[in-house]
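Trainee: Below are the sequence and a predicted model for it; my questions follow.
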Amino acid sequence: MPSVLGGDIAAPVYEDDAVGFAELLQQAAETRNAVSKSKVSEAIDGLTQFATIRGLRPEILQSLVDTLTKTPCYLDQSQCGRIIKALIPRRKVSEEIVVRVVGCLGNGVHRPGAGVQAGLLRWLVMVYNVLEDYEMLSRLYGVLFNLLDMMTLRGYVCHLLSLITRRKHIKPFRIQALLQLQRDVGSEQPINALIQIYKNYYPDVIMFNAGPFKSTIFSHPDPDWMQKLLSIQEASASLNPLNETRPNFKIVRKVGSQSSKRRKTERVVVPEVHTFGAIESTVTLEEVQNADDFVQKLDKLELPNQLAAVLEDPLLQQLVALKPTELAQERIENWLAASLYDTMKTLSSTAPGAAARTSKLLEQIAGYTKATRTLLPPVQEFLKAYLQQWDGQANLQAILMLCSFLPMLDFDQLHTQFLSPIDTALSSNPDVLITFYTSLLRHWTFIPPSHLPNTSTSPSLLIQHTTSHLLRSPPNPHTTLLFYEISSTLPFSHPIFRIHLPPAPLLYTLLFSSTPHIFSRLCHVLITFKTALEKSSALSRSGSGAAAGVGVGGGGSGASGAPPKPQPYPSSFYDAFNGFIMDICNLLWRSRAFVLPVAGDSGNKAALGCTIPGPVVSALEAAVSARGVGDLKGSFFLSRGPMWSYIAAQILGKMEEQRGVDRERKCKAPVSVQTLKQLAEQGGVKVAFMEYRLVVLRGIKKRGYEGVEEFMRNTMTSLIPKGRKAGAVGQRR
């Protein structure tokens, strides 16, 4: 270890260096002239450099605080100030250090100088968010309060009190003392802000205005220093996860008119959380400090006076959700009904701020609706009226988010009151429109089975309605696929949810998009439908239906008893689905693109030929033949199709490289059965055609297109693992 008591002080590399610096500073503080000023300065520089990079261990931090608070201290004020700035804790600050700092404050010959006291108190404010325990500061509230008459400390004392003040700390004698102090020293902003905090807890006691103060009066003294501290502590926690077990989550609320001023600027109409007239046996939301505090005090928490604050206060949202009451729900709905009624009356107003207030209110209601996943009746009534005059642009995101939580109404009612106006307003924006229908269908997916009606055609009609839009005004392919990804994962065990396949024109348009990601997603959707169809068919045959797991004891909307079992699908439905499966297999795996079934060909009896008319297929065959690029049937095979040929060529090239094939004997054409046979005969790569296809499938999967491999392994009987029973739907040989 480099010496810190003699010779040059080296840069701090090891932990022991920092310990040595702390010991040197302690020696310099205890004994006059024990260490030269240059050595003290070098020690502080080294300590600062080390602390800025790695932070200080708790024992080093404790040692330095002890050095600064003991008297007499022979370090000058500038040296003490530099040491205080270097007090960057690597971990949480212990309560022993907190007591040591608070205990050194005040007047007296055995206390540090005023500058050191102010610096340490400022440091305590700066590290407040990383204290190990806040209970000790709460116990020291009276000690801190009595320091308000010290002019050099008053600002930081007020700041610290603003952070730790709770209802239990506010006593009549303290209110009187604050008011007297305000009269004695004048209208100082820190005192005014502290009085405002007291007033927030007891507005019926402190009736007068607290006085002016800046909104940033109690902001962090040094945000850059705090960011550095947090970065160091995060790095330390990642290296020593067991040492950091306490949560960092804290509730932060604005001080009085700080938030009021901001809210006036933003024209916010939702009230803040305030609890007036609370009794000692209860706890208000304003007193909750963190998640643990919330859980421990949940039974004693009292609802605030303005429950409408639930729209933007996440803590109140949790309280209302965990302790629901009809009265609380009624209060929220009454406030919403009145506010939205006023909003409807002022929609055409040109008054300054009217549109901004409406937008802000709708955003807050949308956020609350998303959090609770419930559209309240007053909001539903508002949407019914608002959509009739909506232009499709104003408050677009908020309106569509709210509408995506519409309940499962009768479809005629749903279409007339909500969907038709939305269709009209968004007729030129199909991507946004289909995304909205996807969100609405997703919401219905998450409705608890006990709240679903036993009979309803709304989900099926919604899918059919959306499909008509997809055919009429196709959006981005990924938007279309997202809709079918959601519709393929509906709870089909409940009879009101039916499987609706993409119509053939839409499916084949996606299939021939020449985009690997779209092709892969489409394959995954079809396999998801296949799995759902097999399960639904099994339920229909077994006769158990959904009675065993869904809706027992009555559904919603006046339903009673268990819902009926799912109805079987018609044979035409299976024919269409099997045709889709066969066509994809023919394109990608079997080199039989656009081939229709013929007599005696049982392996291709379900094929639809991608619904391409015969004359068009003949013209395509002639074009391919004229160009001399093989035949049309194999044009979409793994090694020849535009989506996968490059990947297939890469995989074969890597296979040849691994097996040491000469350059002259490497494959120079798309792979087929004949190509592989010729390569083997000429000394090239030797691989079976089936093995080659499997290797290509795995390569496609590794590149992120997992749907293709999933599709093949669930449709081709030759690829289904032994021991796994093949389903009855969509199996090919």
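Mentor: That came through fine. Numbers count the residues shown, from 1 in each chain.
Trainee: what's the domain layout of this protein?
Mentor: Taking automatic domain parsing as the domain assignment, the ranges for the chain are 1-91, 92-230, 267-405.
Trainee: Save these as CSV, and put in mean pLDDT and distance to G634 too.
Mentor: No exception for glycine: its C-beta is placed from N, CA and C like everyone else's. Compiled in CSV, these are given as follows (pLDDT from 0 to 100; distance: least, C-beta to C-beta, whole Å):
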stretch, mean pLDDT, distance to G634
domain 1-91, 82, 64
domain 92-230, 89, 61
domain 267-405, 84, 45
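Trainee: In a markdown table, list those along with mean neighbour count.
Mentor: Conversion of the domains of the chain to a markdown table gives the following (neighbours: other C-beta atoms under 10 Å):
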| stretch | mean neighbour count |
| --- | --- |
| domain 1-91 | 18 |
| domain 92-230 | 17 |
| domain 267-405 | 16 |
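Trainee: Which one of those lies nearest to Q417?
Mentor: Across those, the minimum distance to Q417, taken as C-beta to C-beta, is reached by domain 267-405, at 5.0 Å.
Trainee: Check the offset of that closest one from the chain's centre.
Mentor: The gap between where domain 267-405 is centred and where its chain is centred comes out at 21 Å by C-alpha atoms, centre = their mean, to the nearest Å.
Trainee: And stretch 498-507, by the same measure?
Mentor: Worked out by C-alpha atoms, centre = their mean, stretch 498-507 lies 32 Å from the chain centre.
Trainee: Likewise for stretch 114-132?
Mentor: The answer for stretch 114-132 is 35 Å, by C-alpha atoms, centre = their mean.
Trainee: swap in stretch 435-444?
Mentor: Using C-alpha atoms, centre = their mean, we find the averaged C-alpha position of stretch 435-444 to lie 19 Å away from the chain's own average C-alpha position.
Trainee: Quick one: the domains of the chain as CSV, columns for distance to E706 too.
Mentor: Formatted as CSV, the entries for the domains of the chain read as follows, by distance: least, C-beta to C-beta, whole Å:
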stretch, distance to E706
domain 1-91, 44
domain 92-230, 39
domain 267-405, 28
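Trainee: nearest to P502, of these?
Mentor: Go through the domains of the chain one by one with C-beta to C-beta and the one that ends up closest to P502 is domain 267-405, at 21.7 Å.
Trainee: and the closest residue to P190 other than its chain neighbours, what does it touch?
Mentor: Closest residue in space to P190, ignoring its immediate chain neighbours: C158 at 3.6 Å, by C-beta to C-beta, 6 or more residues apart in numbering. With contacts defined as C-beta atoms under 8 Å, 6 or more residues apart in numbering, C158 is in contact with 148, 190-191, 193-194, 218.
Trainee: Next, format these as TSV and append distance to L409 and secondary structure.
Mentor: What follows is the contacts of C158, written out as TSV (distance: C-beta to C-beta, whole Å; DSSP: H, G, I helix; E, B strand; the rest coil):
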residue	distance to L409	secondary structure
L148	61	coil
P190	56	helix
I191	57	helix
A193	51	helix
L194	53	helix
F218	50	coil
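Trainee: and of these, the nearest to Y341?
Mentor: The nearest one, if we look at the contacts of C158 relative to Y341 and count by C-beta to C-beta, is A193, at 37.2 Å.
Trainee: Closest one of the contacts of C158 to F405?
Mentor: Each of the contacts of C158 was checked against F405 using C-beta to C-beta; the closest is F218, at 38.5 Å.
Trainee: which residues touch that closest one?
Mentor: Contact partners of F218, counting by C-beta under 8 Å, 6+ apart, are 158-159, 162-163, 190, 193, 255.
Trainee: One more: Q389?
Mentor: In this structure, Q389 makes contact with L347, judged by C-beta under 8 Å, 6+ apart.
Trainee: any chance you could map the strands in the stretch 301-450 of the chain?
Mentor: 301-302 (DSSP state E, counting those that start in this stretch).
Trainee: Check this protein for its longest helix and report it.
Mentor: When secondary structure is assigned using DSSP state H, the longest helix within the chain turns out to be helix 516-542.
Trainee: helix or strand right after that helix?
Mentor: helix 571-588 (DSSP states H and E).
Trainee: Does anything pack onto the following helix or strand past that following helix? Which helices or strands?
Mentor: Later in the chain than helix 571-588, the nearest helix or strand by DSSP H and E is helix 614-627. Using 3 or more C-beta pairs under 8 Å, 6 or more residues apart in numbering; DSSP states H and E, no helix or strand is in contact with helix 614-627.
Trainee: Okay, the closest residue to V671 other than its chain neighbours and Y14: tell me how far apart.
Mentor: Of all residues not flanking V671 in the chain, S639 sits nearest, at 4.0 Å (C-beta to C-beta, 6+ apart). Look at S639 and Y14: by C-beta to C-beta, to the nearest Å, they are 61 Å apart.
Trainee: Tell me if I am right that the residue nearest to V671 is in a strand.
Mentor: No. The assignment for S639, made by DSSP: H, G, I helix; E, B strand; the rest coil, is coil rather than a strand.
Trainee: Got phi/psi on it?
Mentor: The phi and psi values for S639, taken as degrees, to the nearest 10, are phi -90, psi -10.
Trainee: I'd say it and A669 touch.
Mentor: No. Using C-beta atoms under 8 Å, S639 is not in contact with A669, being 9.0 Å away.
Trainee: These two - which one has more neighbours?
Mentor: Higher neighbour count among S639 and A669: S639, with 22 against 13, using other C-beta atoms under 10 Å.
Trainee: and that one, what does it touch?
Mentor: The contact partners of S639, by C-beta under 8 Å, 6+ apart, come to 645, 648-649, 652, 670-672, 696.
Trainee: Would you quantify the distance from it to Q79?
Mentor: With distances defined as C-beta to C-beta, the gap from S639 to Q79 amounts to 77 Å.
Trainee: what about L315, distance to Q329?
Mentor: Using C-beta to C-beta, we find L315 at a distance of 18 Å from Q329.
Trainee: Could you do I584 as well?
Mentor: Distance of I584 to Q329, given as C-beta to C-beta: 51 Å.
Trainee: and if you look at I527?
Mentor: On the measure of C-beta to C-beta, I527 and Q329 end up 43 Å apart.
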